[in-house]
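Undergrad: What shape does this take:
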Amino acid sequence: MVGAGFTGCMTALHAARKGASVTLFETSPEIGGVLRDVQVDGRLYYSGCQYLRSGALGASGVDQELEVFPHEYGSLTLLGNHSPRLIDDCAQPALDGQAQFAPDAVLHGNALQRLQAYGRAADRLIQWASGFGNLALLDQQCLLPMQLSRVFYPEDRDLPAKKAANAIADHLIAIPRRIRRPGMLAEPAMLPKTGFNDFFDSLERTLTNHGIRIELNSPVKLMNDADGIRLCKRGDEEAFDLAVWASNPVAVLKRACQAKLTTPAIAMQLWVGDFPQAQGLNKDMPLPYYWQVFDESSPVVRVYIYRLQGHLRFSVEAFDRPQGVDPVKALTQVFKALGLPAQFELAAVISQSRNVNFSTEERLLMERSTATLLERGIIPGGWCHYGREEKVASMIHLLERAMA
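TA: All right, here's what the predicted structure looks like:
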């Protein structure tokens with residue numbers, strides 16, 4: 001098992017429970033990957049808008065470390081609106097006016113073509129989304145983590161009829177849950193009671209108790225030579241019957257399939273901090289809560305507020321813009337628009353590099369590579385799936401098929 005992030009750990013635990021002998025290799029000194037908390041002067045912050053969806057742990061037996069909460073969210077949209085649109089229960093953009101689509105709208109192709117389907121609103125959406133990369137080179141599935149797969153038009157009372165009458169409109173229009181299905185409860189989600197670091201410490205003990213050997217600080221290389229596919233750790237070969245590659249796919253696709261992934265990572269920043277006093281916060285505000293922010297004048301992309309270690313905290317994801325941005329000024333503006341407390345303390349600004357984008361050609365390449373990888377005894381890491389839960393389900397499905 002290569003990679004001890006959440007998906008690698010869950011797949012390793014599943015394999016061990018099925019009777020397999022499992023070794024888990026991890027390059028870093030700790031398991032958990034990107035889910036691990038950010039620590040600043042003894043204070044813990046979530047590394048972005050992090051949570052686990054219900055059912056993420058399957059039958060792993062480690063859900064006692066988690067608290068279940070209703071997954072509530074919203075969005076703040078400017079993007080040419082007459083005034084900011086603050087919407088509950090919808091993470092997609094909310095635009096003024098009526099839903100109108102280009103006559104030649106298509107649902108396939110690249111991210112740029114998908115956004116061009118929004119007709120007159122397309123330019124505003126494209127300008128904002130370009131912060132994530134060259135949209136003409138990105139597959140439209142990359143719009144999912146941007147929360148741009150659909151758009152909501154609050155003033156358009158005919159949205160349900162438009163969705164029902166037209167397949168393209170159905171895929172392009174967003175309708176908040178409480179409007180679409182009144183009385184429907186929010187999807188449950190889960191967070192560790194004391195942070196992800198403690199959760200992964202407990203999970204590591206669970207993995208060990210199931211006989212899984214964990215090799216930390218252990219980068220693994222995949223070699224493809226006259227002797228076939230080999231795994232090597234610091235020059236020593238590691239024997240395996242099946243290798244689950246729950247890590248970045250670049251190396252395994254290059255070595256096993258002679259295929260290259262060239263789409264660059266996204267340069268982002270994580271701003272974490274505290275609200276010393278909750279004065280001004282709506283007492284009925286559900287926590288945790290996140291807003292997707294669509295504002296061409298601000299680098300802020302997503303705001304996440306939550307309680308951790310007994311304190312009200314925030315983790316804000318922002319574009320890493322080279323011209324320089326004052327985070328305090330940017331946070332002051334967006335917090336005011338969201339109705340959050342005016343007093344806050346910024347604890348740290350952390351640069352992040354996110355490998356979540358891929359072109360349509362790369363998506364097809366990753367999908368086609370599955371058969372080749374399986375033939376060589378390698379289980380792919382569900383790289384084309386957006387959610388962690390979908391990645392784990394894909395890996396477990398392929399693993400069980402290979403072990404049958």
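Undergrad: Show me how this structure divides into domains.
TA: Per the record, the chain has its domains at 6-37+194-262+357-403, 73-180, 266-354, by automatic domain parsing.
Undergrad: which residues of the stretch 51-200 of the chain fall in helices?
TA: 111-116, 122-129, 143-146, 159-165, 167-172, 177-180, 196-209 (DSSP state H, counting those that start in this stretch).
Undergrad: tell me the average confidence for the last one?
TA: For helix 196-209, the mean pLDDT works out to 94.
Undergrad: Assign residue 365 to helix, strand or coil.
TA: Following DSSP: H, G, I helix; E, B strand; the rest coil, residue 365 is assigned to helix.
Undergrad: residues in contact with it?
TA: 253, 257, 259, 261 (Cβ atoms under 8 Å, 6 or more residues apart in numbering). For every residue, glycine as well, the C-beta is placed using N, CA and C.
Undergrad: now residue 56, nearest residue through space, not along the chain?
TA: Closest residue to residue 56 apart from its sequence neighbours, by Cβ to Cβ, 6 or more residues apart in numbering: residue 389 at 4.9 Å.
Undergrad: Pull up the gap between that neighbour and residue 18, please.
TA: Distance of residue 389 to residue 18, given as Cβ to Cβ, to the nearest Å: 19 Å.
Undergrad: Show me which of these two is the more surrounded one.
TA: residue 389 (20 against 12; other Cβ atoms under 10 Å).
Undergrad: Surely the more buried one touches residue 11?
TA: No. Using Cβ atoms under 8 Å, residue 389 is not in contact with residue 11; the gap is 12.0 Å.
Undergrad: where does the stretch 51-200 of the chain dip in pLDDT?
TA: 55, 58-61, 63-64 (pLDDT under 70).
Undergrad: What residues sit buried inside the host helix or strand of residue 15?
TA: Per DSSP states H and E, residue 15 falls inside helix 6-17. Within helix 6-17, the residues scored as buried using 16 or more other Cβ atoms under 10 Å are 6-16.
Undergrad: Reformat the residues you listed into CSV and put pLDDT and distance to residue 91 next to each item.
TA: Formatted as CSV, these follow (pLDDT from 0 to 100; distance: Cβ to Cβ, whole Å):
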residue, pLDDT, distance to residue 91
6, 94, 21
7, 94, 23
8, 95, 27
9, 95, 27
10, 93, 25
11, 94, 28
12, 95, 31
13, 93, 30
14, 92, 30
15, 94, 34
16, 94, 36
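Undergrad: Including distance to residue 27, could those go into TSV?
TA: Output for the buried residues of helix 6-17, formatted as TSV (distance: Cβ to Cβ, whole Å):
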residue	distance to residue 27
6	15
7	15
8	11
9	14
10	18
11	17
12	15
13	20
14	22
15	20
16	21
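Undergrad: out of the residues you listed, who's nearest residue 45?
TA: residue 6 (17.8 Å; Cβ to Cβ).
Undergrad: thinking again about what came up before, the residue nearest to residue 56 is in what secondary structure piece?
TA: Going by DSSP H and E, residue 389 is in helix 388-403.
Undergrad: just checking, what packs against that helix?
TA: helix 6-17, strand 52-53, helix 360-375, strand 378-379 (3 or more Cβ pairs under 8 Å, 6 or more residues apart in numbering; DSSP states H and E).
Undergrad: In CSV, list these along with distance to residue 100.
TA: Below are those laid out as CSV (distance: least, Cβ to Cβ, whole Å):
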stretch, distance to residue 100
helix 6-17, 40
strand 52-53, 34
helix 360-375, 26
strand 378-379, 45
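Undergrad: so which of the ones you listed gets nearest residue 110?
TA: Residue 110 sits nearest to helix 360-375 of all these, at 5.9 Å, using Cβ to Cβ.
Undergrad: if we can go back for a sec, how big is the angle separating the helix holding residue 389 from helix 360-375?
TA: 40 degrees (axes from the mean of the first three to the mean of the last three Cα atoms, to 10 degrees).
Undergrad: mind listing what's buried in helix 388-403?
TA: Result for helix 388-403 [16+ other Cβ under 10 Å]: buried residues 388-389, 391-396, 398-399.
Undergrad: With stretch 254-270 instead?
TA: 255-257, 259, 261, 263, 266, 268-270.
Undergrad: out of those, which are inside helices?
TA: If you go by DSSP state H, the buried residues of stretch 254-270 have 255-257 in helices.
Undergrad: got those as TSV, with distance to residue 54 and pLDDT columns?
TA: Listed next are these as TSV, based on distance: Cβ to Cβ, whole Å; pLDDT from 0 to 100:
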residue	distance to residue 54	pLDDT
255	37	90
256	35	90
257	35	90
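Undergrad: okay if I get these as TSV plus distance to residue 239?
TA: TSV is the format used below for these (distance: Cβ to Cβ, whole Å):
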residue	distance to residue 239
255	17
256	17
257	22
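Undergrad: Can you list the neighbours in contact with the helix or strand containing residue 332?
TA: Element membership for residue 332, per DSSP H and E: helix 327-338. Under the criterion Cβ under 8 Å, 6+ apart, residues 76, 84, 86, 269, 271, 273, 291, 293, 295, 298-300, 303, 316, 318, 341-342, 344, 346, 349 lie in contact with helix 327-338.
Undergrad: Tell me the helix or strand right after it.
TA: strand 345-354.
Undergrad: follow-up on the earlier one: quick one, which of the helices and strands packed on helix 388-403 is nearest to residue 203?
TA: helix 6-17 (5.9 Å).
Undergrad: Which strands and helices lie in contact with that closest one?
TA: So helix 6-17, by 3+ Cβ pairs under 8 Å, 6+ apart, packs with strand 23-25, helix 196-209, strand 243-244, helix 388-403.
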